[in-house]
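1. sequence below, structure please.
(2 chains)
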2 protein chains.
Amino acid sequence: MTEAPKIQPLILSIDAMGGDFAPGAVLDGIDIARVRHPGVRFLLHGNKGQLERIIAGEAGLSGVIEIRHAPNVVAMDDKPSQALRRGHDTSMWRAIESVKTGEAAAVVSAGNTGALMAMSYFQLRTLESISRPAIAAMWPTMHGQSVVLDVGANVEADTRNLVEFAIMGAAYARSVFGMKLPTVALLNIGSEELKGNEHVKAAAKILRETDLPMSFQGFVEGDDISAGTVDVVVTDGYTGNIALKAAEGTAKLVAHYLRQAIKRSWMSMLGAALASGAFRILKVRMDPRGVNGGVLLGLNGVVVKSHGGTDGLGFASAIDLAVDMANQNIVQRIATDIKGVAAMLPPAGAPVAAEPGTPSVSQAS
Amino acid sequence: MTEAPKIQPLILSIDAMGGDFAPGAVLDGIDIARVRHPGVRFLLHGNKGQLERIIAGEAGLSGVIEIRHAPNVVAMDDKPSQALRRGHDTSMWRAIESVKTGEAAAVVSAGNTGALMAMSYFQLRTLESISRPAIAAMWPTMHGQSVVLDVGANVEADTRNLVEFAIMGAAYARSVFGMKLPTVALLNIGSEELKGNEHVKAAAKILRETDLPMSFQGFVEGDDISAGTVDVVVTDGYTGNIALKAAEGTAKLVAHYLRQAIKRSWMSMLGAALASGAFRILKVRMDPRGVNGGVLLGLNGVVVKSHGGTDGLGFASAIDLAVDMANQNIVQRIATDIKGVAAMLPPAGAPVAAEPGTPSVSQAS
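-> Sure thing, here's the model as predicted:
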């Protein structure tokens, strides 16, 4: 593992061409972020001519930016393997490279998630003793926010992966929430004997029996995420991604129902007009831009993924997160935590006691 | 496969003691349902003395009910395997038994899901060529409702299972929605090469290439469920259960946010009072009791699971569903559909071309 170099002032590497509204939304985001984080400087990777034309005349912006030309762009629908093979001259690759060389403390991209994951993994590599990186998301809850991971970096997760996710998620929660002993649980399903697959059960056993910087709470169910039952919810990337998107879809559906219900009478529409302040507050709380940014954990460097469709405000939130992660030395925290217990963990890919295909109770007869 | 016997009048078997508020909520539900479905009769399994005391004097109720004494009850926290071994004198077991013997056309229980699943599987067995049953839920969407399965019967699903779920879900949608060619898709995650595990991909291939009574649409993501992109969404029971509960939790969270936002000013509270009609409509639309009832598909009989914590109104919805399923001959439909293609499907538990543990793109390097 390479030591995260202390950089003064903090320099962030930015994929200026990634995302549906790049580079406009990216530059808008930096314009917001430079006020929030005075002293932070930005290494912009992308089409130099295009970027210079936009920045021209924006004195505030140009003062905190250095542009590095990258002739190509990873498209939102490029396959990760293609991007990896042929994308070394893209803004995304170059942006990650600046973290690899130590020039920047973190990289932010709103580009193609799969490509970002693949390129980051290839260039930065995982921390010693971490077998797989994970994407951690912030999930709004009744009590604030919780960390949920993995939300899409890995399609499957074995026992070792899940334990690593728990350790990384706890380190992340300690950094962003500033808490000493975050509560952590594995996502599972209800019925007693149906409880999860063998890897989930085996991971719970290890987390219960190992002394780690977290308060392990066992299992939680899907509705516990929004309830805020624990600070960190751990699951595989397939389930995490689907749960996250199912929740996003539900929030939209409820908003749709509300609008429809209000439109059905003049009285309701008048009432809604009077309550417009409340609806505005609701809108802000439900605005995904407020908590924009998934963090790729487990790598030798800080990589923040912004939503592809976000605007300047959302991109600024992703920058907030990158600044926070870099200042909090998240990479070092995870490295330390995993080092302390690596010897006690099963190797990645190790089979669990029971067969993975163990029949559930419906075949108990 | 045993032919579903035609019963005139329709007789439903009821687990009178299952659920958090049994038998009160169950009897309330029947009282509502008997008005909606004149001619339907109810075989009530449970504590005879207790049930008779409640029904005494309720002429309408006692006219449509026959009570069968069952001395025991499956507790909500009993393990399915325990219930299976020791629960043959419970109201749940006996209620299922009435379907097995052909005395009743369907069974409804608000009891322990795992036990209901195990007992139903043991007594009714799966249809010929169906390897595993699944629980199908109704999910509210922008366009009405969609069927989602499996939401918890199986922790894992292989290629064959997923194809069966698609066939069963399509038959269910044809029954409840009265449509000829429901649209069906497999739940998956976004990024191109990360697309699902090997079983999901293999199932998609089969569904694409086989002539089935459905319009197969490929993959959808988590947010497509509430969007109502397709009529039937297919996934494994672990992911489906977590997605369903994550969505329920999110709906509660949004309602909580809305209440909090309104309470912050007198103006908003006044507005909300004027718009109370709209909020009432919203509440009704979001009321889980309106679409209460998961159906266990793939068995030699109709089994409907009501939410454990529901009241009479919710239990009545579950009865609606059971009546519908019995009248629509859902068992026969599924049997016919699977029979037509069984020979083309891989055997259950068959390995897929690639290893199940195939590394995702993050190991592509």
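
2. how near is residue A:130 to residue B:248?
-> 34 Å (C-beta to C-beta, to the nearest Å). In this view, the C-beta of every residue, glycine as well, is placed from N, C-alpha and C.

3. give me the helices and strands touching the one helix or strand residue A:206 maps to, please.
-> Assessed by DSSP states H and E, residue A:206 sits inside helix A:198-209. Where contact means 3 or more C-beta pairs under 8 Å, 6 or more residues apart in numbering or on different chains; DSSP states H and E, helix A:198-209 is packed against helix A:159-177, strand A:183-187, strand A:215-220.

4. mind exporting that helix as CSV, just the C-alpha atoms?
-> The C-alpha coordinates for helix A:198-209 follow below in CSV (Å, rounded to 0.1, in the frame of the first residue of the first chain):
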residue,chain,number,x,y,z
GLU,A,198,-24.7,-18.8,3.4
HIS,A,199,-22.2,-16.0,2.8
VAL,A,200,-24.4,-13.5,4.7
LYS,A,201,-24.7,-15.9,7.6
ALA,A,202,-20.9,-16.7,7.6
ALA,A,203,-20.1,-13.0,7.4
ALA,A,204,-22.4,-12.3,10.4
LYS,A,205,-20.5,-14.9,12.4
ILE,A,206,-17.1,-13.3,11.7
LEU,A,207,-18.3,-9.8,12.4
ARG,A,208,-19.9,-10.9,15.6
GLU,A,209,-16.7,-12.7,16.8
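
5. which parts of it are buried?
-> A:198-204, A:206-207 (16 or more other C-beta atoms under 10 Å in any protein chain shown).

6. now stretch A:207-216
-> Buried, per 16+ other C-beta under 10 Å, within stretch A:207-216: A:207, A:210, A:212-216.

7. in these, find the pair that's most separated.
-> A:210 and A:215 (12.7 Å; C-beta to C-beta).

8. quick one: stretch A:152-166 near chain B?
-> Yes. Using C-beta under 8 Å from any C-beta of the partner chain, stretch A:152-166 comes into contact with chain B via A:152-156, A:158.

9. next, count neighbours for residue A:73.
-> 22 (other C-beta atoms under 10 Å in any protein chain shown).

10. and residue A:271, what element?
-> helix A:266-274.

11. now that helix: mean pLDDT?
-> Mean pLDDT, helix A:266-274: 77.

12. and the helix or strand hosting residue A:247, how far out from the chain middle?
-> Taking DSSP H and E as the criterion, residue A:247 maps to helix A:237-262. In terms of C-alpha atoms, centre = their mean, to the nearest Å, the centre of helix A:237-262 is set 19 Å apart from its chain centre.

13. that's a helix at residue A:68, yeah?
-> No. Per DSSP: H, G, I helix; E, B strand; the rest coil, residue A:68 lies outside any helix segment and is strand.

14. and it, how far from chain B?
-> Distance, residue A:68 to chain B, by C-beta to the nearest C-beta, to the nearest Å: 24 Å.

15. and residue A:183, by the same measure?
-> Taken as C-beta to the nearest C-beta, the span from residue A:183 to chain B is 17 Å.

16. how many other residues sit next to that residue?
-> Neighbour tally, residue A:183, other C-beta under 10 Å: 19.

17. now the angle between helix A:266-274 and the helix or strand of chain A with the lowest mean pLDDT, please.
-> In chain A, no helix or strand scores lower on mean pLDDT, DSSP states H and E than helix A:276-286, which sits at a mean of 72. Using axes from the mean of the first three to the mean of the last three C-alpha atoms, to 10 degrees, the direction of helix A:276-286 lies 70 degrees away from that of helix A:266-274.

18. after helix A:276-286, which helix or strand is next?
-> strand A:294-297.

19. up against chain B, what does the stretch 1-150 of chain A have?
-> Counting by C-beta under 8 Å from any C-beta, the stretch 1-150 of chain A sits next to chain B at A:77-81, A:84, A:112-114, A:117-118, A:121-122, A:132-133, A:140-142.

20. are any of the residues you listed buried, and which?
-> Counted by 16+ other C-beta under 10 Å, the residues of the stretch 1-150 of chain A next to chain B give A:78-81, A:84, A:112-114, A:117-118, A:121-122, A:132-133, A:140-141 as buried.

21. tilt between the helix holding residue A:206 and strand A:183-187?
-> 160 degrees.

22. run through who's touching stretch A:221-228.
-> A:139-144, A:146, A:148, A:185, A:187-190, A:230, A:233, A:243, A:247, B:241-250, B:252-253 (C-beta atoms under 8 Å, 6 or more residues apart in numbering or on different chains).

23. ditto for stretch A:305-313
-> Under C-beta under 8 Å, 6+ apart, the answer for stretch A:305-313 is A:18-21, A:24-29, A:31-32, A:76, A:108-113, A:116, A:135, A:288-289, A:292-296, A:314-315, A:317-318.

24. what's the offset of it from the middle of its chain?
-> 12 Å.

25. buried stuff in that stretch?
-> Of all the residues in stretch A:305-313, those buried under the rule 16+ other C-beta under 10 Å are A:305-308, A:310-312.

26. next, find the distance separating the most centrally placed residue in chain A from chain B.
-> Closest residue to the average C-alpha location of chain A: residue A:294 at 1.7 Å, with C-alpha atoms, centre = their mean. Separation of residue A:294 from chain B (C-beta to the nearest C-beta): 12 Å.

27. which ones are touching that residue?
-> A:113, A:135-137, A:151-152, A:304-305.

28. also residue A:22?
-> Residue A:22 neighbours (C-beta under 8 Å, 6+ apart): A:15-16, A:46, A:110-111.

29. and the pLDDT for it?
-> For residue A:22, the predicted pLDDT is 91.

30. now do the SS call for it.
-> Per three-state DSSP, residue A:22 ends up coil.

31. how about the one 4 residues further on?
-> Assigned state for residue A:26: helix (three-state reduction, three-state DSSP).

32. so for stretch A:134-153, what's the average pLDDT?
-> 91.

33. determine how far the last residue of it lies from the first.
-> Using C-alpha to C-alpha, to the nearest Å, one end of stretch A:134-153 lies 5 Å from the other.

34. in that stretch, what's buried?
-> In stretch A:134-153, counting by 16+ other C-beta under 10 Å, buried: A:134-141, A:145-153.

35. what does stretch A:119-130 give?
-> A:119-127, A:129-130.

36. before we move on, what about stretch A:18-35?
-> A:18-19, A:21-23, A:25-34.

37. could I have that stretch exported to CSV, CA atoms only?
-> The C-alpha atoms that make up stretch A:18-35 are tabulated as CSV, following Å, rounded to 0.1, in the frame of the first residue of the first chain:
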residue,chain,number,x,y,z
GLY,A,18,-17.9,12.9,-17.6
GLY,A,19,-21.7,13.0,-17.1
ASP,A,20,-24.8,13.9,-19.2
PHE,A,21,-24.2,17.7,-18.8
ALA,A,22,-20.4,17.9,-18.9
PRO,A,23,-18.5,20.0,-19.0
GLY,A,24,-21.1,22.7,-18.1
ALA,A,25,-22.5,21.0,-15.0
VAL,A,26,-18.9,20.1,-13.8
LEU,A,27,-17.7,23.7,-14.1
ASP,A,28,-20.9,25.0,-12.4
GLY,A,29,-20.1,22.5,-9.6
ILE,A,30,-16.6,23.7,-9.2
ASP,A,31,-17.8,27.3,-9.2
ILE,A,32,-20.1,26.5,-6.2
ALA,A,33,-17.4,24.3,-4.5
ARG,A,34,-14.6,26.9,-4.7
VAL,A,35,-16.6,29.2,-2.4
